[in-house]
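Asker: 3D, please:
(2 chains)
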Amino acid sequence: MTERPEKSKSVLDRRAFLRGVGLSAGAAGAAAMAVGSSNADAKAGTESRQGAGYRETEHVRRAYEAAGF
Amino acid sequence: MARMKFLCDAERCIHCSGCVTACKNEHEVPWGINRRRVVTINDGKPGQRSLSVACMHCSDAPCMAVCPVDCFYQTNDGIVLHNKDLCIGCGYCFYACPFGAPQYPSTGNFGGRGKMDKCTFCAGGPEEDHSKAELEKYGRNRIAEGKLPLCAEMCATKALLAGDGDMVSTIYRERVMARGFGSGAAGWGHAYGKKG
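Answerer: Residues are numbered from 1 along each chain as shown, chains lettered A, B, ... in the order given. Reported below is the predicted structural model:
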């Protein structure tokens, strides 16, 4: 009879452990979603950033002329 | 809309590495990284040629396709750039690139490589044009200044051509008409496909 309380204690430990695993998995999922959304925001930010872009300036025309020799 | 392209005319390249030096100096590229380098093909055999190679800013860029964090983007001019704030240094782009363009600044514990670095076609990055952050992370933004990549502008024999793809192919066509096809436009099929 001395084994019984120990057994129930180990069962409780296991349940607490599994509950903890479940909670941490849920938290990890939520964190992954948060990271995913921040990546998507950052991506949207970079895609909209195009800068001044190419222009055919006098400098560029002279460079083409020099390359054509 | 102009489509930016590189072309190295192997009939003219003399392996002086002026393009490599110009790039390193202009962008203050750290030790261990060469955004551009000159390679020898058919070494020691008849038909040996030198080629200046960097990111070709491919039309259907394999680096963009494999990046797990989608840090690459293509500008309206067809320049392939990346965001170093998103890069995790996984190295997938290095394995995907047919030109070996992506470079990594360090080798650390657990295979850490640091943020990927590559040729930007002198077009900076996602930071504000001419900002300090852009200069530190990606180098100078000559395209926004109304100029062309320095490697091509500095090339002594004009073997390396850069700029609007139509202009580049017009210049190259004139050379081919004058002297014959030679070794051809190396890498164009890989980078730009048949239609360009």
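Asker: shaky segments in the chain?
Answerer: Using chain A. Counting by pLDDT under 70, chain A has low-confidence residues at A:1-12, A:21-50.
Asker: the chain in question should be chain B.
Answerer: Counting by pLDDT under 70, chain B contains low-confidence ranges at B:194-196.
Asker: before we move on, what SS does the most centrally placed residue in it have?
Answerer: Computing the C-alpha centroid of chain B and ranking residues by CA atoms, centre = their mean puts residue B:55 first, at 2.9 Å. Counting by DSSP: H, G, I helix; E, B strand; the rest coil, the backbone at residue B:55 sits in coil.
Asker: surely it and residue B:122 touch.
Answerer: No: contact criterion CB atoms under 8 Å: residue B:55 and residue B:122 do not qualify, at 11.4 Å. The C-beta positions use only the backbone N, C-alpha and C, and glycine is treated the same way.
Asker: just to revisit the earlier point, distance of the residue nearest to the centre of chain B from residue B:110?
Answerer: Here the criterion is CB to CB, to the nearest Å. By it, residue B:55 lies 27 Å from residue B:110.
Asker: next: residue B:74.
Answerer: 32 Å.
Asker: do residue B:70 as well
Answerer: Going from residue B:70 to residue B:110 by CB to CB gives 23 Å.
Asker: ok, those two, which is more surrounded?
Answerer: A side-by-side neighbour count of residue B:70 and residue B:110, using other CB atoms under 10 Å in any protein chain shown, places residue B:70 first with 16 against 4.
Asker: quick check: buried residues in stretch B:173-188?
Answerer: Applying a neighbour-count criterion of 16 or more other CB atoms under 10 Å in any protein chain shown, one finds B:175, B:185, B:186, B:187, B:188 buried in stretch B:173-188.
Asker: ok, and the closest non-adjacent residue to the first one?
Answerer: When the adjacent residues along the chain are set aside, residue B:175 lies closest to residue B:9, with 6.7 Å between them (CB to CB, 6 or more residues apart in numbering or on different chains).
Asker: now swap in the second one and tell me
Answerer: Closest residue to residue B:185 in three dimensions, ignoring its sequence neighbours and counting by CB to CB, 6+ apart: residue B:7, at 5.5 Å.
Asker: which residues touch that neighbour?
Answerer: B:160, B:161, B:162, B:168, B:169, B:172, B:185, B:188 (CB atoms under 8 Å, 6 or more residues apart in numbering or on different chains).
Asker: need the longest helix for chain B.
Answerer: helix B:165-179 (DSSP state H).
Asker: residues in contact with it?
Answerer: Surrounding helix B:165-179, the residues in contact under the criterion CB under 8 Å, 6+ apart are A:64, A:67-68, B:2-7, B:9, B:11, B:78, B:161-162, B:182, B:185, B:192, B:196.
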